[in-house]
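Colleague: structure for the following, please:
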Amino acid sequence: MKQKNLKNHFFHGRTIVPPFPQNFDEIILGLGCFWGAERKFWTQYGVYTTAVGYAGGNTSNPSYEEVCSGLTGHSEVVKVIYNPKKISLKEILKIFWESHNPTQGMRQGNDTGSQYRSVVYCNQVDQFNIALTSKDTYERLLAESGHPQITTEILCNKDFFYAEDQHQQYLAKNPNGYCGLNGTGVEFL
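Modeller: Down below sits the predicted model:
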């Protein structure tokens, strides 16, 4: 396993590990492959920093290879640290819902496996309630466009394990790298 030698964010230079500024919030989101998911958030106004990792599984501190085996149950995720006075959770969830297809179960496009499932992991009850409400809203909008039900897992208090350094801000380091994220084309209102 590659050692996790985490440094500052490659794109903007801010830390990707705690401590973070007081009164900032965090949410953990899985949209499929974490490389493209992270890029969706790091340039957003009000987002302080992002980091990719693994969450929602049954082992501690897994490696990329272990997660890709499908045996750990983890999802590839991005941790988003944001200033709620500059960007709301609803705005973050709008980006989340529109950036991938949350109806595909254990896949995103050609990427298949439990690590590519759609997830929202909250650390506060109010975040959980906002996420559930946003899911219901988006599911209605998707149904009106002929899409099946959302399969996104929404839970609280899931452990986050940082991915290896080479995966952090991968698409900033490798601008022509793979990103298979595609939304449904349905706008979240």
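Colleague: from here on, contacts and neighbour counts on C-alpha atoms
Modeller: Noted.
Colleague: tell me the phi and psi of F161?
Modeller: F161 has phi and psi values of phi -120, psi 120 when expressed as degrees, to the nearest 10.
Colleague: and stretch 32-47, how far apart are its ends?
Modeller: By C-alpha to C-alpha, to the nearest Å, the extent of stretch 32-47 from end to end equals 20 Å.
Colleague: so how far is that stretch off the chain centroid?
Modeller: Averaging C-alpha positions (C-alpha atoms, centre = their mean, to the nearest Å) puts stretch 32-47 8 Å from its chain's average.
Colleague: so for the nearest residue to N23 once chain neighbours are set aside, what's the pLDDT?
Modeller: Of all residues beyond its chain neighbours, the one nearest N23 is N83 (7.3 Å), with distances taken as C-alpha to C-alpha, 6 or more residues apart in numbering. N83 carries a pLDDT value of 98.
Colleague: likewise for the one 10 residues further on?
Modeller: Per-residue confidence for L93 comes out at a pLDDT of 98.
Colleague: show the average pLDDT along stretch 7-14.
Modeller: For stretch 7-14, mean pLDDT is 92.
Colleague: skipping adjacent residues, who's closest to the spatially most central residue of the chain in space?
Modeller: Within the chain, one residue has its C-alpha closest to the average C-alpha position: by C-alpha atoms, centre = their mean, that is L29, at 2.6 Å. On the basis of C-alpha to C-alpha, 6+ apart, the spatially nearest residue to L29 that is not a chain neighbour turns out to be V120, at 4.8 Å.
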